[in-house]
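Asks: show me the folded form of this:
(chains A, B, C and D)
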Amino acid sequence: MNPVNYLYLAALLFTIGAAGVLIRRNAIVVFMCIELMLNACNLAFVVFARMHGNLDGQIIAFFTMVVAAAEVVVGLAIIVSIFRTRHTASVDDASLMKL
Amino acid sequence: MSSVASVHSLWTVAADMPGRIPAPHIEYAQLAPTLIVLGAAVVGVLIEAFLPRRSRYYAQLLLSVVALAAAFAAVIGLAAGGFGSAKAHIAAMGAIAVDGPALFLQGTILLVSLIAVFTFAERRLDPAAHGNRVDSFAAQAAAVPGGKAEQAAVKAGFTTTEVFPIVLFAIGGMLVFPAANDLLTLFIALEVFSLPLYILCALARRQRLLSQESAVKYFLLGAFSSAFLLFGVALLYGYAGTVTYSGIAEVISDGAKQIDPALAGTMGNDVLLLIGSALVVMGLLFKVGAVPFHMWTPDVYQGAPTPVTGFMAAATKVAAFGALLRLLYVVLPGLRWDWRPVMWGVAILTMLGGAIVAITQTDIKRMLAYSSIAHAGFILAGVIATSENGISSVLFYLGAYSFVTLGAFAVVTLVRDAGGEATQLSKWAGLGRRSPLVAAVFAIFLLAFAGIPLTSGFTGKFAVFKAAAESGAGWLVVVGVLSSAIAAFFYIRVIVLMFFNEPKAEGPTVAVPSPLTTTAIAFGVVVTLVLGLAPQYFLHLAGQASVFIR
Amino acid sequence: MSFPLLTVTAAVPAVGAIATAALPAARRTAAKWLALLFSLATLALALLIAFRFRPGATGPYQLTESHTWIPDFGVRYELGVDGIAVALIALTALLIPFVILAGWHDADVLEDTRPNRRWRPTQGFFALILAVEAMVVISFEATDVFLFYLFFEAMLIPMYFLIGGFGDRAGGHGEEEAAAQRSRAAVKFLLYNLAGGLIMLAAVIGLYAVTADQLGTGTFSLQQIVEARAAGKLDIATGTERLLFLGFFFAFAVKAPLWPLHTWLPGAMGESTAPVAVLITAVVDKVGTFAMLRFCLQLFPQASSWATPVILVLALISVLYGALLAVAQRDIKRLIAYASISHFGFIVLGIFAMTSQGQSGATLYMVNHGISTAALMLVAGFLISRRGSRLIADYGGVQKVAPILAGTFLVGGLATLSLPGLAPFVSEFLVLVGTFSRYPAIGVIATVAIVLAALYVLVLYQRTMTGPVRDEVRAMPDLRVRELVVVAPLIALLIFLGVYPKPLTDLVNPAVGHTLSVVDKKDPQPAVQVDAVPGGDRRGPAVRDQDVEAAK
Amino acid sequence: MENLIALLVAAPLVGAALLLCGGKRLDRAGHWIGTLLAVASFAVAAVLFADMLGKAAGHRALHQHLFSWIPVGGFRADVAFQLDQLSMTFVLLITGVGSLIHIYSIGYMEHDERRRRFFGYLNLFLAAMLLLVLADNYLLLYVGWEGVGLASYLLIGFWQHKPSAATAAKKAFLVNRVGDIGLSIAIMVMFTTFGTFAFGPVLAATGDTGEGRLTAIGLMLLLAACGKSAQVPLQSWLGDAMEGPTPVSALIHAATMVTAGVYLITRSGAIFNAAPTAQLAVVVVGAVTLLFGAIVGCAKDDIKKALAGSTMSQIGYMILAAGLGPIGYAFAIMHLVTHGFFKAGLFLGAGSVMHGMNDEVDMRRYGGLRSYMPITFVTFGLGYLAIIGFPGLSGFFSKDKIIEAAFAKGGAEGWILGAAALLGAAITAFYMTRVMLMTFFGEKRWNPAEVHPHESPKSMTIPMIVLAVGSVFAGGLFSIDDAFVTWLEPVTSFAHGNSPVSATAVTAATIVVLLAGVGVAWLKYGRKPVPVAAPRGSVLTRAARRDLLQDDFNHIVFVRGGEQLTRTLVQLDHSLVDGAVNGTAASMGGLSGLLRRLQTGFVRSYAVQMLGGAAVLVAATLLMRSV
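Replies: Next up, the predicted model:
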């Protein structure tokens, strides 16, 4: 099967993730959508690696996962702390600073 | 189908290779600056783990200062060793470039960070809580604001000494960022310096709600943009089959010629190239805070602890612009005719947008945020020049600007009332009467921002506009001067406020800082004036360092 | 390497500024005397320049200094003076002591302000004046465009603080309101001039780009550029040259100020104290007109003559417009401000008439206008400080109670309406003749201004000084010794330069000749060749120089 | 000898400087210093005159070059004096009458605490006037020209506490300035035409110049002359100028300054000779003014204003004569000198009357004063006879000659001008008789309780006597075998016009109209008593009282119009020119306020904008490639 289709899939996933970021209010979900975008990138990397026939893409995918993990750590920390302060995880409530 | 088969054969062939992968060869000496800083960061973590609370502050401070100084010395050493010019080459298996721009920017970042660390360590400004001096960071970031745990922490005199290792990590990332020579390293470095910054933003002692909000905004948007960047990387990888700058540049330069027809679908596919590079550039533009990717800047600058804001405003810009320069000059020179017009637009938007919106700001930190956006626009004008003059002018501007910014934010930390820092512009009325010296210093910084002659700001602005004009971007220069005329307005407004308005009865007081902050501010003033009056040496330095290794 | 006279002349006031500013708050009087001392030292140096300067000597500039400064920008630290610069430096150095003396009490701390160890307005005031002097002097000396630009712009900052920081407590609606108006005026002044300067910056950069493109290495050296152009090595494309010219001219026109870019002047002069107003109109604004003469014309000759018609019309408008609005003013200082606009119109007229009479006249005009306005404005300041009001309507019959004040005011006014026998007449008539000989129509129309000038001056004098004595002015004291010391020399100078302007003309003529030769313009010849003036022996040596000039 | 010339100017100048800068300590000696220096100047003049008489007619002109004043390129103005017969005549008149009036003022201004300043101004005037007539080039003449204007301004407004005086002074200066436009433009044209504006070369070169330029110069000079000599249309200031102290009116607004215009035209004779159009303009102005002034003079009840009208008219005669060219110049000057005598005398007489009548100026409140102030009456009377041209007195000779010359102009012009001149003579006789009758004859119309008419002190009467003597004999003296004409001839050149009517006929006609004028006046004011309150009078009378409405015209057109204009301009400056600037600033602020709205504070909207930005970025990049 033509690997290019997987590229389309990756693009689709990325778009879904991006859309999610824009649509969802809950910080956690927004964050998960970002993770989804990262994973879409991973897929793209792997597919390209497959097409080019070299390992770089796959290696990068591993790096990306690690980064994503690190992001989870930091992100959750921040989100949790703000949740404990405001008792809400809605990103729209965090809008004290504007204009 | 045949093409797929051939690809498969390629793939399997590649699959037999693992045995032959050579052990990487790393030039530790040339990576010394980065390694020192990151090492120190690790040590800092250990200190947090094993030293008693009392002694942590001093140990951390000492460690950070020593580490940064050593790293700076290492940079100087490398530069003196000719790695900036003659011996410039690509280290660590093509991952990191050691060349003029890299060293210059690393030096700048390290110096800025050193000064910034001084402001981090400042403990005289906030009134002592329960008898122990505190800095501008939360007693215990994890504790709920106003909750029992926090009060207990305050009573116990806790302070978040973790900021030192955290900031060291960020610095480490920033050092790599402009030197990164392949997209993966670029991405990793980006994350390495972004994640600590997200945390730092959340650590303010006063107005923690704002601080946390800024952190979450910064984090979400940052992650969002880095996802875009990563997707761009993926596409570029798809286009070139490699992520090394030189590799991609090569593929771009000789197009899709001697490429296996099997890969015609991806390799050399300009759509991949264009979209990919656009996305990567966007990721970097986000970091430099260029319109339309600037939305985070005001909120984050306002909410973050002021020392952190200063650090971000200065160091992040340097690192990000370094990376942007390298990307555009090393990877995409072949695409110049595609990205220059786009960058023209971005630069104009950024200059005008930042300047215009800043006019109506009422919070000093937000105003400085917008001014930083406008300045990003000015620097972009230099980036667009696509000439050695362009590079050197950008390098110079970054150096000049970052110190002014640090100094300005350091002054902001001094003006306080009951609620901590008095960042409401209206509260600054009559400051010139209350404490002329501080007001005068701030005025100097503002004039430098405004690009008044005899300050570093003017020299920098002149350099970038000159480079732009030489590269034929005359109208960009005109827009630039117009927007700096607009920008002048709000800088002047602050001066009017400070000097020509009667001080209010319940106005803020100016805290007397410790030598740490004083040094930071003094250094800022000195650099501002020296670069304004006798910039030649530094211009020359920047000129020397304006050649990228490919 | 000889003694760097020019540098020192600019450095002395700078040092003085720092020294004055450094004095502790208590030492107010000391600050005043120190400032005065430094300004006098500067005056001495300026006179030394005037004596060291040889009008006849070859080469456009003298006492030159040249050091590398910022090679990367092609910027050199190049100083040099021609006759015009010498005259203007002398004017500046001459006026500053009087400004300081006149402003002796303008920056005294009011009793009601709560004591503050750090707030030292007096020191600041005089330090700023000296700072302005330093910057003005060096911008007169600079022969490097970049160097000039630096100080041309930088001088805005001290001026800005002088305007916004110190008022003449005569605003009318209370100190709070006055302060607000003042800072508005100051901001307008700064932004307006800054905008002009920034547009000029674009042109400066453009100039660099052009020179770098055509000469290999970019340069800002006026002489280099002029020579290169003469040698044909530098040939700026017409369109580019015009754009660059406009960039430069805009900045200078704002500073000058030329209609319609004048609106910042009345506010700035009206709200600030009289000495500061003098500083603005008599010293700082002169840099603008001076720069037109030195930079606009010499850097962009073709573009200059291309733009001449428009500029002349604008200048003509300024001349009449300023005079007409002056007639309608109710505020003494604003009236003088508008009068100055009219006079600056004359100066620009003379510069762009491109005749030796016009340009020499314009240069003399700069000097004379400086002196006459200083005299008028300072006396007006004394008057206002006595009554605490700037409104003409609040005065009347002053002549009866303070005859000397009135007399000096009248002389200042007569100088302003350029009465023959006083200095301004010489310059104004030269400008008119110079303009007329090339553009008769404009010359004739401009002549109408002499009536308008008489109108606003005499109306001002009549309303304030004559008529029955008003009760508010009944107790008004006449000029004090300090004030007399300020005014008397100025008046003496006005008369002297009106009767015997030759020293000045001898100084200026060669420089003007050089400028005209760069622009490649010749005086129009008379229609009828008259056999030489009877008694040719009557021509002084300088006159003979003139002939040589003409022959060249 | 020529080195003395500077002394003429220097003496009064020094006096002015001393008196104006000297301060209070000179208050007591001030008037003596002033007078002394004036007399000294006269002495010098006398010496020079004697010396000049000693020389041959062709070589009398003296020249003194002091220093080069404004040398710029081809533009060369020198401070140099030229003393020829014409200048000499003026110098003698100025210094002579000037000295007399100084003496007169000692008495007249006795009780004024600012007397020192008054004498300072008088000296200043002498200096300026002498500079005017001694200059050897038009620019230096211009200096004197404006100098006398300044002196006149200061002296008219000498009693500044009177708003009317201050206004009159301002008006005088302004109207003169209008004239000065003419002079300065004339100089500019000369410079562009000849490359110089010194009398010598300019007047020598008129031959080979296009008539157009000369006409321009001539008309401009005429404008200047109109301003200074109060000729139509710039005459309006002279009447108000009577606000000044009477000696001032006598010296400046009768004898000397107002005649400067005549001097200018006579001096520039060569130009006018070569520019007939300009000459025609001159004679028209002269004729119109001589009638205008005479008519105004008839209606005024203020003695000084009446005299002012007559001055206007008499100068009209001079201008007319000067406009006639070589046949008239000499007579113009001659009438100027005789007029200097009798008009100064008349003014001093008027001053003396006012002095005795508590500064009352309304002739309707005089009457029958001859017995109270005999000397004044006699001197005034002689002046009166002189001015109306009573045979044998100065006025007769000079005026008669002008009328002849007017006829001699030839053609219709000649008849018209001659007729005008004759008519003027008649009216002159009328209004002067009116003045005479209303002042010295008839019943007393003043209240003996308040005013005690008395003769003035010696210091005042002596000058009056001297002037009276002058006004009796000067004319005759000058006319002895045309002494005056031959004296001026080398400078002004002289030509006998061929008059269509014989000289005797003209003289006869003059005498007839004179008697007619006197008769009418006697019928109106001598026979029946003069009402104290002025009757409403005919339309013409009322118009004449208002200077034939010419002032009202100026007021409506120039003053009102000007105010309107300036007011509009102020509006424009505020709303348009400045409005544009402020508008830009404001719009920036507004824009800023709008753009701020984008910063909603919601992360998600930021994200949207970023996404949009990214899309645009990508699109733009692709677009760039496609184009």
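Asks: state the number of residues packed around residue C:14.
Replies: Neighbourhood size, residue C:14 [other Cβ atoms under 10 Å in any protein chain shown]: 18. Every residue, glycine included, has its C-beta placed from N, CA and C.
Asks: SS state for it?
Replies: Taken by DSSP: H, G, I helix; E, B strand; the rest coil, the conformation at residue C:14 corresponds to helix.
Asks: got the contact list for it?
Replies: If a contact means Cβ atoms under 8 Å, 6 or more residues apart in numbering or on different chains, then residue C:14 has C:130, C:131, C:134 as its contacts.
Asks: the second one: how many residues sit nearby?
Replies: Other residues near residue C:131 number 24, with proximity taken as other Cβ under 10 Å.
Asks: helix or strand: which one has residue D:76?
Replies: Residue D:76 is part of strand D:75-83 when elements are defined by DSSP states H and E.
Asks: is any part of that strand close to chain C?
Replies: Yes: residues of strand D:75-83 are located near chain C by Cβ under 8 Å from any Cβ of the partner chain, namely D:75, D:76, D:78, D:79, D:80.
Asks: what residue ranges in the chain score low on pLDDT?
Replies: No chain specified, so I'll use chain A. Low-confidence segments of chain A, defined by pLDDT under 70: A:1.
Asks: not quite, go with chain C.
Replies: Chain C contains residues with pLDDT under 70 at C:1, C:110-118, C:170-173, C:531-552.
Asks: quick one, phi psi at residue D:302?
Replies: phi -70, psi 120 (degrees, to the nearest 10).
Asks: ok, it touching residue D:361?
Replies: Yes: shown here, residue D:302 and residue D:361 form a contact pair, counting by Cβ atoms under 8 Å, at 4.8 Å.
Asks: in chain A, what residue lies closest to chain C?
Replies: Residue nearest to chain C within chain A (Cβ to the nearest Cβ): residue A:99, separated by 23.5 Å.
Asks: distance of that residue from chain D?
Replies: Relative to chain D, residue A:99 is positioned 5 Å away (Cβ to the nearest Cβ, to the nearest Å).
Asks: residue B:90: what secondary structure?
Replies: State at residue B:90, reduced to three classes by three-state DSSP: strand.
Asks: hey, what's it bridged with?
Replies: Applying DSSP bridges to residue B:90 yields these beta-bridge partners: residue B:97.
Asks: how many residues are close by it?
Replies: By other Cβ under 10 Å, the residues close to residue B:90 number 21.
Asks: tell me the contacts of it?
Replies: B:96, B:97, B:98, B:181, B:246, B:549.
Asks: then residue C:146?
Replies: C:70, C:73, C:74, C:75, C:204, C:220 are the contacts of residue C:146 under Cβ under 8 Å, 6+ apart.
Asks: the residues you listed in helices, which ones?
Replies: residue C:204 (DSSP state H).
Asks: mind giving me the ChimeraX select for the contacts of residue C:146, buried ones only?
Replies: ChimeraX command restricting these to the buried ones, with burial defined by 16 or more other Cβ atoms under 10 Å in any protein chain shown:
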select /C:70,73,74,75,204,220
